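*Asks:* Following is a predicted model, sequence given first.
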Amino acid sequence: MNDYYLTLILKSDLDEGKRKELLSGVLKKATGESGKINKEDLWGNRDLAYPIEKHTKGFYAHYEFSADPAIIPTLDKNLRLEEDIIRYILLRK
C-alpha cells in the first residue's frame, strides 16, 4: 500500500448530484478493494489562473488516500477519459 495525493478540478457548472456521483466513483476506483481515504478536502468553485478548455472557473477537490500501486495506471486512464474533469494531478506521497 502506498499513499497518494489526488487533486481534481471539475467543471463548475455540474449540479450537486452529478458532482457527488462523479467524486464517489473516482474515490471508489482510487481506493480499490483494500484502500482507504485518509483526508478529503473540498475547496469548492474557484477561478482558474488561466482558461482551460474555455472554462474560467472550476470545482476543486483534494484527497489523500492509500491504495495498491497496481490500480494507479487504471485510475490515471479513467481520470483522463472523464469529460467532466478539467484537470487532475495524482502524486505519490
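*Replies:* In hand now; what should we look at? Numbering: from 1, shown residues only.

*Asks:* can you give me the mean pLDDT across the longest helix along the chain?
*Replies:* Longest helix in the chain, counting residues (DSSP state H): helix 16-31. If you average the pLDDT over helix 16-31, you get 92.

*Asks:* after that helix, next one along is what?
*Replies:* As assigned by DSSP states H and E, the chain's next helix or strand after helix 16-31 is strand 36-52.

*Asks:* Contacts for the next helix-or-strand element following that next one, please.
*Replies:* Going down the chain from strand 36-52, the next helix or strand is strand 55-67, by DSSP H and E. If you take Cβ atoms under 8 Å, 6 or more residues apart in numbering as the criterion, strand 55-67 is touched by 1-12, 14, 19, 23, 27, 30-32, 34-48, 52, 75, 86-87, 93. Any C-beta I mention is one placed from the backbone N, CA and C, and that applies to glycine too.

*Asks:* sorry, back to before: so the longest helix of the chain versus strand 36-52, what angle?
*Replies:* When axes from the mean of the first three to the mean of the last three Cα atoms, to 10 degrees is applied, the directions of helix 16-31 and strand 36-52 differ by 120 degrees.

*Asks:* Buried residues, helix 16-31. List them.
*Replies:* Using 16 or more other Cβ atoms under 10 Å as the test for burial, helix 16-31 gives Arg19, Leu22, Leu23, Val26, Leu27, Ala30, Thr31.

*Asks:* Sweet, I'm off.
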